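Q: coordinates for the following, if possible.
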Amino acid sequence: MLTRGLLVFLPFILSPAAELRTSAPAPVAIVVGFMGGFVGPNDKLHAEVQLAKRLSDAYPSTLQVRMFENHRGDQARREILRLLDTDRDGSLSADEKSNARIAIFGHSWGGSETVTVARALGQEGIPILLTVQVDSVQKPGEDDASIPANVSQAINFYQSAGLVHGRSKIRAADASHTRILGNFRLDYKTTPVSCEGYPWFARVFMRPHIEIESDPAVWRQVEGLIRSKLLLNPRSE
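A: Numbering: from 1, shown residues only. Reported below is the predicted structural model:
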């Protein structure tokens, strides 16, 4: 089990120091996030939306951030293709695909959609630098356990209590192409997280599931991984 106290060290353990520095301006990068349940992409109560705003505010010229409901995977895929089409000719060249710098993350059903969209992009020859699943719950007809070979690195945060809990293990479909950074279990029995603002039934029946979503330590790790993997440099803004 990974304690919340140890989470603060993860970016330094998981990300080589070389990834934190770059001598040239980074190309435009893309971050896509998927919400859990039936939550809208602009609901500021949720940590995913807060993360998206922090990233957008910090990197207004070098980063494109988009948030989607978890049933809008195809819309997200089309938006990624549009953003990658830098010459606006309606199709992606080999260079436009190979230069892609993409990170995808999601909570609950959004974690499942994260893997599904990454897999769909892989079928179009587009690489993904990072996927992040937070208490991922598999949607019908999807597979959120097997990370496709077009993903360079993937990480999974989960908790195992309550009526709704996340997948405990993700694996690489091809370990020669994908590095699983870890499957990290969180436990909120002795270290509860505030869920103020959530509906009463969520706090009663799904509390651990929304505690991990509300845990600032988890989202600091997600943010640190995104920043380091995409080589985001605030000094270039």
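Q: the residue found closest to residue 150 once you drop the neighbours it is linked to in the chain - how many residues pack around it?
A: Nearest residue to residue 150 in three dimensions, chain neighbours excluded: residue 122, at 3.3 Å (Cβ to Cβ, 6 or more residues apart in numbering). Where C-beta positions appear, they are placed from N, C-alpha and C, glycine not excepted. Here the number of neighbours of residue 122 (other Cβ atoms under 10 Å) works out to 18.
Q: tally up the residues packed near the nearest residue to residue 36 once chain neighbours are set aside, please.
A: In space, residue 36 comes closest to residue 108 once its chain neighbours are excluded; the distance is 2.9 Å by Cβ to Cβ, 6+ apart. Close neighbours of residue 108, defined as other Cβ under 10 Å, add up to 27.
Q: now swap in residue 141 and tell me
A: 7.
Q: mind listing the helices in this protein by residue range?
A: With DSSP state H as the criterion, the chain has helices at 10-14, 47-58, 73-84, 94-98, 109-122, 200-205, 207-214, 216-229.
Q: state the distance from the residue nearest to residue 150 to residue 41.
A: Look at residue 122 and residue 41: by Cβ to Cβ, to the nearest Å, they are 24 Å apart.
Q: cool, and residue 68?
A: From residue 68 to residue 41 the distance is 6 Å (Cβ to Cβ).
Q: ok, those two, which is more surrounded?
A: A direct count of neighbours by other Cβ under 10 Å for residue 68 and residue 41 places residue 68 higher, at 22 against 19.
Q: center of the protein, which residue is that?
A: Nearest residue to the geometric centre of the chain (Cα atoms, centre = their mean): residue 105, 1.6 Å.
Q: shouldn't that one be in contact with residue 114?
A: Yes. Between residue 105 and residue 114 there is a contact at 6.1 Å, judged by Cβ atoms under 8 Å.
Q: flag the shaky bits of the protein, pLDDT-wise.
A: Applying pLDDT under 70 to the chain flags the ranges 1-27, 232-237.
Q: measure the residue of the chain most remote from its centre to residue 96 for me?
A: What lies farthest from the middle of the chain is residue 89; by Cα atoms, centre = their mean that is 28.9 Å. Distance check for residue 89 against residue 96: by Cβ to Cβ, it reads 9 Å.
Q: overlap in contacts, residue 105 and residue 114.
A: Counting by Cβ atoms under 8 Å, 6 or more residues apart in numbering, the common neighbours of residue 105 and residue 114 are 34, 131-133.
Q: closest to residue 217 out of those?
A: Of all the shared contacts of residue 105 and residue 114, residue 217 sits closest to residue 132, with 14.0 Å by Cβ to Cβ.
Q: not counting its neighbours along the chain, what's nearest that closest one?
A: residue 105 (3.8 Å).
Q: same deal with residue 209?
A: Of all residues not flanking residue 209 in the chain, residue 164 sits nearest, at 4.3 Å (Cβ to Cβ, 6+ apart).
Q: pretty sure that neighbour sits against residue 108.
A: Yes. Using Cβ under 8 Å, residue 164 is in contact with residue 108, at 7.4 Å.
Q: identify the contacts common to the two.
A: Taking Cβ under 8 Å, 6+ apart as the criterion, residue 164 and residue 108 both touch 135, 137, 209.
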